[in-house]
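Undergrad: Any chance you can model this:
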Amino acid sequence: MKEKIKIDTIRKRSDFKKIYKEGSYIKGKYLHIYMLARAEDNCSIRVGFDISKKIGNAVTRNRIRRILKEILIKIEQEYNRSIDIIFVAKKGICNISFWDLKDHIEKIFTTSLKHTES
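TA: Here you go, the predicted model:
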């Protein structure tokens, strides 16, 4: 049986700065994603969110956070390594369905993993 991957939240400003500076950057239609692999072997994913007030009010921003976390939980089995991820939401993310956003993020992850493994 596969080990369950733990998802934590990135909260420290210094962690955000390190990921922005050293991590790989992937542009998407609804999201920009920064990813940085860590040398730990406990297979935990740390996720941070950068969602501007321009996106919407607090209810909208928190809904987006919950949706993004749920998508990570659904696709986490494919990525068995320790990684830090920052999602930077763009304006059109409010109008997209859960399944379209999930497909969009999966496509971004598969292209990014191809680049990091080669």
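
Undergrad: Name the nearest residue to Tyr30, ignoring sequence neighbours.
TA: Closest residue in space to Tyr30, ignoring its immediate chain neighbours: Ile93 at 4.4 Å, by CB to CB, 6 or more residues apart in numbering. In short, each C-beta sits where N, CA and C put it, glycine included.

Undergrad: OK, contacts around the one you found?
TA: 30-31, 55, 64, 101 (CB atoms under 8 Å, 6 or more residues apart in numbering).

Undergrad: Find the pair from those with maximum spatial separation.
TA: Ile55 and Leu101 (13.5 Å; CB to CB).

Undergrad: who's more crowded, those two?
TA: Leu101 (20 against 15; other CB atoms under 10 Å).

Undergrad: That one touches Lys29, doesn't it?
TA: No. Leu101 is beyond contact range of Lys29, at 10.0 Å (criterion: CB atoms under 8 Å).

Undergrad: Could you list every helix and strand in contact with the lengthiest helix in the chain?
TA: Counting residues, the longest helix found in the chain (DSSP state H) is helix 98-117. Applying 3 or more CB pairs under 8 Å, 6 or more residues apart in numbering; DSSP states H and E, we find helix 98-117 packed against strand 24-27, strand 31-37, helix 58-75.

Undergrad: Take the ones you listed and lay them out in CSV including mean pLDDT, mean neighbour count and distance to Cys43.
TA: Putting the helices and strands packed on helix 98-117 into CSV (pLDDT from 0 to 100; neighbours: other CB atoms under 10 Å; distance: least, CB to CB, whole Å) gives the following:
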stretch, mean pLDDT, mean neighbour count, distance to Cys43
strand 24-27, 88, 13, 19
strand 31-37, 89, 18, 12
helix 58-75, 89, 15, 13
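
Undergrad: Adding distance to Phe87, write the ones you listed out as CSV.
TA: Shown next, in CSV, are the helices and strands packed on helix 98-117 (distance: least, CB to CB, whole Å):
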stretch, distance to Phe87
strand 24-27, 11
strand 31-37, 5
helix 58-75, 5
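
Undergrad: got the angle between whichever strand or helix holds Ile45 and helix 58-75?
TA: Ile45 is part of strand 44-50, with elements assigned from DSSP states H and E. Relative orientation of strand 44-50 versus helix 58-75 (axes from the mean of the first three to the mean of the last three CA atoms, to 10 degrees): 150 degrees.
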